[in-house]
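>>> turn this into a structure:
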Amino acid sequence: MGHNHGHSHHANKKALLISFILISLFMIIEVIGGVLTNSLALLSDAGHMLSDAAALGLSLLAFKLGEKKADTAKTFGYKRFEILAAFLNGITLMAISAYIFYEAFHRFVDPPKVASIGMLSIASIGLFVNIIVAFILMRGDTSDNLNLRSAFLHVLGDLLGSVGAILAALLILIFDWSFADPIASVIVAVLVLISGWRVTRDSVHVLMEGHPAHVKVSEVRECLKNFNGVVSIHDLHIWTITSDFPTLTCHLVVNDDVDRDKLLQNVTDRLKDEFGIHHSTIQLEGPPMIHRHDDTCN
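Numbers count the residues shown, from 1 in each chain. Here you go, the predicted model:
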């Protein structure tokens with residue numbers, strides 16, 4: 001488990017570093033191109049790329065800080081900084097979408113002249129760069145690691161932005177339809193807003209000590225009650241330190257004749273195998289400890 005986690009961590013960090021370099025370089029090109037062609041679709045995509053560069057850099061920093069060992073001040077270490085990074089990335093995504101909406105509104109009222117050929121060329125290059133970066137990040141742990149997933153969603157939003165800019169450029173080039181530029185921007189803004197909301201919601205859930213998405217508290221409670229010798233359970237808490245670090249604490253009331261060491265080992269193994277909980281703290285109590293907190297989750 002430790003080896004796999006270490007390998008995954010290193011692979012995620014490497015993917016973020018390569019992606020950060022590629023996005024940062026193209027962002028500069030797209031900003032210049034957006035200004036020269038007067039395209040909101042390009043400028044909004046460039047702004048999103050700027051946030052991508054910041055998001056990827058923040059995610060990279062989070063992985064680096066997460067490597068710091070636990071100390072007396074941070075007894076669980078610094079891994080939760082990854083969740084803070086995901087939260088900030090989610091908020092940034094929503095803020096960017098709001099800004100694009102604002103700019104698009106003004107362009108609907110007074111549509112400017114857009115250099116469609118230049119816009120098409122730069123957006124096509126942007127699409128190519130974003131596909132490469134998205135592929136690099138997809139090879140990481142985007143399903144379980146919230147920090148990497150938030151960075152991936154930033155890049156996915158950029159990819160969609162490039163597609164929108166290409167379509168808008170073609171419509172302007174072929175039909176001289178100037179409204180295509182702000183319409184493409186609005187569509188991308190909606191998709192970015194949805195992604196930002198999901199990342200923010202998931203990171204807030206972790207920061208508020210919510211249970212891991214793959215674990216149902218009721219199922220864990222029922223599983224623990226079914227062990228021979230367990231009378232009842234109370235003070236059951238399940239939360240997440242960071243994306244791949246679920247944690248559990250509880251009190252088990254057991255019969256006096258139970259082999260406590262064996263029971264504790266069996267319970268710990270079951271939590272690992274069935275629920276993926278590798279860090280658990282379980283206190284065993286005799287029947288006299290049964291009190292009014294029995295079978296409650298405080």
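>>> work out for me the element Leu137 sits within.
helix 116-138 (DSSP states H and E).
>>> so what does that helix touch, helix or strand wise?
helix 2-37, helix 40-66, helix 146-175 (3 or more CB pairs under 8 Å, 6 or more residues apart in numbering; DSSP states H and E). Where C-beta positions appear, they are placed from N, C-alpha and C, glycine not excepted.
>>> following the shortest one, which helix or strand shows up next?
Sequence-wise, the next helix or strand downstream of helix 40-66 (DSSP H and E) is helix 81-109.
>>> three-state assignment of His251?
strand (DSSP: H, G, I helix; E, B strand; the rest coil).
>>> OK, contacts around it?
Ile233, His234, Asp235, Leu236, Ile282, Gln283, Leu284, Glu285, Met289 (CB atoms under 8 Å, 6 or more residues apart in numbering).
>>> which one (most neighbours) among the residues you listed?
Highest neighbour count within the contacts of His251: Ile233, with 23 neighbours (other CB atoms under 10 Å).
>>> what about that one, distance to Thr240?
As judged by CB to CB, to the nearest Å, Ile233 and Thr240 stand 20 Å apart.
>>> thinking again about what came up before, mind checking which of the contacts of His251 land in strands?
The strands in this structure, assigned by DSSP state E, contain Ile233, His234, Asp235, Leu236, Ile282, Gln283, Leu284, Glu285 from these.
>>> Asn38: which of these is nearest?
Within the ones in strands among the contacts of His251, proximity to Asn38 (CB to CB) peaks at Leu236, which comes in at 59.7 Å.
>>> go ahead and confirm the closest one touches Val217.
Yes: contact status for Leu236 versus Val217: in contact at 6.9 Å, counting by CB atoms under 8 Å.
>>> what about the residue of the chain most remote from its centre, is that helix, strand or coil?
The outermost residue of the chain relative to its centre, with distances by CA atoms, centre = their mean, is Asp257 at 46.7 Å. Reduced to three states with three-state DSSP, the structure at Asp257 is coil.
>>> nearest residue to it other than its sequence neighbours?
Gly229 (7.5 Å; CB to CB, 6 or more residues apart in numbering).
>>> try Val190
Ser97 (7.3 Å).
>>> how many residues are close by that neighbour?
25.
>>> so what's it up against?
Per CB under 8 Å, 6+ apart, neighbours of Ser97: Ala189, Val190, Val192, Leu193, Gly196.
>>> again with Glu285
His251, Leu252, Val253, Val254.
>>> again with Cys223
Under the criterion of CB under 8 Å, 6+ apart, the neighbours of Cys223 are Arg270, Glu274, Phe275.
>>> same deal with Ile117?
Ala169, Leu173.
>>> still on that earlier bit, neighbour-wise, which one of the contacts of Cys223 leads?
Among the contacts of Cys223, Phe275 has the most neighbours (other CB under 10 Å), with 19 neighbours.
>>> pLDDT score for it?
Listed pLDDT for Phe275 reads 91.
>>> what's the answer for His251, then?
Per-residue confidence (pLDDT) for His251: 94.
>>> go on, Val258?
Listed pLDDT for Val258 reads 89.
>>> that one touches Gly229, doesn't it?
Yes: using CB under 8 Å, Val258 makes contact with Gly229 at a distance of 3.5 Å.
>>> follow-up on the earlier one: would you mind measuring from the residue farthest from the centre of the chain to Gly161?
66 Å.
>>> picking up where we left off before, give me phi/psi at the residue nearest to Asp257?
phi 100, psi -10 (degrees, to the nearest 10).
>>> and the helix or strand containing Ala184, what does it pack against?
Using DSSP H and E, Ala184 maps to helix 180-207. Judged by 3+ CB pairs under 8 Å, 6+ apart, helix 180-207 is in contact with helix 40-66, helix 81-109, helix 146-175.
>>> export the ones in strands among the contacts of His251 to JSON lines and tack on pLDDT and distance to Ala104?
Below are the ones in strands among the contacts of His251 laid out as JSON lines (pLDDT from 0 to 100; distance: CB to CB, whole Å):
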{"residue": "Ile233", "pLDDT": "92", "distance to Ala104": "54"}
{"residue": "His234", "pLDDT": "91", "distance to Ala104": "55"}
{"residue": "Asp235", "pLDDT": "92", "distance to Ala104": "52"}
{"residue": "Leu236", "pLDDT": "94", "distance to Ala104": "49"}
{"residue": "Ile282", "pLDDT": "94", "distance to Ala104": "55"}
{"residue": "Gln283", "pLDDT": "93", "distance to Ala104": "57"}
{"residue": "Leu284", "pLDDT": "92", "distance to Ala104": "61"}
{"residue": "Glu285", "pLDDT": "89", "distance to Ala104": "62"}
